[in-house]
Each structure stands twice: as C-alpha cells, then as structure tokens.
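the amino acid sequence is not available; the structure is as follows:
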C-alpha cells in the first residue's frame, strides 16, 4: 500500500508499525511520549501503545542509552531518541565503549538490537548544538552501523530494517527534510549496507547522503542544461560504506564529487575518496572533488547558507572536475567533457 507521507511522518509510521509487530520493541527519549517529540515524529504513539512502551525519559542521554543496553540484554528491541545532534556527546562513552562492542566482546552471545535515532544537519535556522553533523565520530566506531535517509520511502524502510537488526544502528534523520513529502510503500524492504544510484550519467559521479541528496539532484538537472550528465548516488549507509557501487560508477564516468554537510577533515568524503583512489585510480580522469561544511564550529544561523553545500558549490566542483572555469581556477584547464 502506497501513501503520501512527510519524512518525519514516515519515521513515525515505521516506529508505530514496529511497535505493532513486536511487543518487545520499546521507544525511549526526552519528551517523545506525551509531547510526541520536538519534531512530533512520535506524536500519538504513547496514547496508542502506553507509557510502558513509549517512555518519557529524564534529560540524561548517557542514562537513556545505558538503560537501553540493559533492555537489549533482556531481549527487548529498544529505539532511543537523542533529541538533537549536539546533545549526543554525554552518551558518547556508552555508544563507543559499550553499545558498539558488546556483540563482538561476547563472540555474538549478546545481541545488541538497539536503534539510536538522532536528528542531524542544518538548514533550520537554529541555535548552537542543534545543527551539527557528527557522523564521522560514529562511522569510525567498529561494531556500530550508521545510516541515514533522504526521502520518506528511505526513512520508512531504513527504520524498519534498523529495528529488525541485531546489530546496534545509529539512524541519522535529516531534520531539514522532516516535512518533505513523498510516496511510501510500507511493503518495500531494504538492507543497511548498499547505496542507490538515483540518476544515470556518463560524465561525473556525485556521491552524497541525507539532506544533500536533493541538492545533488538539482545539480544534475542544472548540469543537464549544458549537456553534462551527473550520476547521482545516495550512499544511504555511512558505515559500512558501499564503496563497490561508487567504484563501479567512477569506472564509467572517470570523475568523482562527494558532498555532505559535515566538515571535510577526517570525514566520509575523506574515506570514500581514498577508497576510490585505492581501487580505481586508473579510471580517474581528474582529481576527486568534495563539497562539504567547513572545518569550523557550526556558524550562527544567519550565515549557515554560506557554510552548507549549495547548488552553486556542487556545480563549481563539477566544473573543476571537468577542467572548466571555476571559482578556484578562474579559467578552463582542459577541454572539459569528453
């Protein structure tokens, strides 16, 4: 059955369906019950399933995640919410030293079917600690899956897959896209490992994820006006990265641009570009480019538009990859496409 849902509502629907399907599934977080969450993603779920399964927690992220670890030990499938990206750090110790290691530490005897929901990213005009992209911290953590979604369909299917997984999963929800609507088929399933090729193109591979996917698709449309074809890949899984799909694309296009909101240093773009160079260096016709946030703390909301990847910045990277005039070169370096 297909219906039109906003991305936030698709996540709420997935949570409700998971609660319906498995009585051991529980939700926990700050204000997720009576209030329905800051973004109203869990609106109505406590009234539907009761306070014992949709639990309003104290304002203590370490305690939220630590309690969920104990619940997972007892056979539950807890789904916890970190209210904003910048609030995750009190729980960092629990996530990287316990959650991510317990299944490995016990040689699989202890499962850790814990899903950590976290709104992330900018473009909502918010204050400090409410617009960050901390995914690199967690992508570096062995034993922890890190995924995101760029559409309501991806949000629904990914959330259901995360809750069903016996591995711990950090689900990063692009808060700026909570109100973006799209078709959702609740029967569609997906894995937590593979990227998706959204548009086919012969000239440049553009790999992105989460909130930047819409901008990458807009760049594909704009570039087509000049006869340039972009192959846009939604990475979907940040850890593990589906390098195979990106390498196969680069072997066709010969060029790569990676875009995300997080800063460039020690980032997803760093890892992906390194992996492509290691495995497909001979196919590259120009140096890979990346369009990211800057290596600074997240700026005040008045200037966040200058910090985040934009259509112009992605198209400028496309020009650089093609050897065309760009903001850096000021002149064409090569003959461009071909």
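Arrived safely, thanks for sending. These numbers were taken from a predicted model, which means no experiment stands behind them.

you'd agree residue 258 is in a strand?
Yes - according to DSSP: H, G, I helix; E, B strand; the rest coil, residue 258 belongs to a strand.

same for the longest helix anywhere in the chain, what does it pack against?
Counting residues, the longest helix found in the chain (DSSP state H) is helix 7-21. Using 3 or more C-beta pairs under 8 Å, 6 or more residues apart in numbering; DSSP states H and E as the contact test, the elements touching helix 7-21 are strand 25-29, helix 45-49, strand 77-81, helix 152-164, strand 169-174, strand 181-185. Just so you know, the C-beta spots here come from the backbone N, C-alpha and C atoms, and that holds for glycine as well.

7 Å - rerun?
strand 25-29, helix 45-49, helix 152-164 (3 or more C-beta pairs under 7 Å, 6 or more residues apart in numbering; DSSP states H and E).

closest one to residue 118 among those?
strand 25-29 (10.0 Å; C-beta to C-beta).

which residues sit against that closest one?
With C-beta atoms under 7 Å, 6 or more residues apart in numbering as the test, strand 25-29 has contacts from 15, 18-19, 42, 45, 53-55, 57, 64, 67-68, 71, 76-81, 83, 163.

got the domain ranges for this protein?
2-185, 196-322 (automatic domain parsing).

Serialize those to TSV and add fields for mean neighbour count, distance to residue 328 and mean pLDDT.
What follows is the domains of the chain, written out as TSV (neighbours: other C-beta atoms under 10 Å; distance: least, C-beta to C-beta, whole Å; pLDDT from 0 to 100):
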stretch	mean neighbour count	distance to residue 328	mean pLDDT
domain 2-185	19	24	96
domain 196-322	20	6	97
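
show me how far stretch 129-143 is from its chain's centre.
10 Å (C-alpha atoms, centre = their mean, to the nearest Å).

I misspoke; the intended subject was stretch 251-270.
Counting by C-alpha atoms, centre = their mean, stretch 251-270 comes out at 14 Å from the chain centroid.

check the separation of the first and last residues in it.
19 Å (C-alpha to C-alpha, to the nearest Å).

cool, stretch 24-38 as well?
Stretch 24-38 has an end-to-end distance of 25 Å (C-alpha to C-alpha).

ok, stretch 286-300 next?
With C-alpha to C-alpha applied, stretch 286-300 spans 35 Å between its terminal residues.

where along the stretch 201-338 of the chain do the helices fall?
213-224, 243-253, 268-280, 304-307, 311-322 (DSSP state H, counting those that start in this stretch).

need the contact list for residue 275.
Per C-beta under 7 Å, 6+ apart, neighbours of residue 275: residue 243.

from residue 166, how far off is it?
Look at residue 275 and residue 166: by C-beta to C-beta, to the nearest Å, they are 27 Å apart.

one step back: how about the helices and strands packed on helix 7-21 in CSV, adding distance to residue 106?
CSV is the format used below for the helices and strands packed on helix 7-21 (distance: least, C-beta to C-beta, whole Å):
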stretch, distance to residue 106
strand 25-29, 22
helix 45-49, 30
helix 152-164, 21
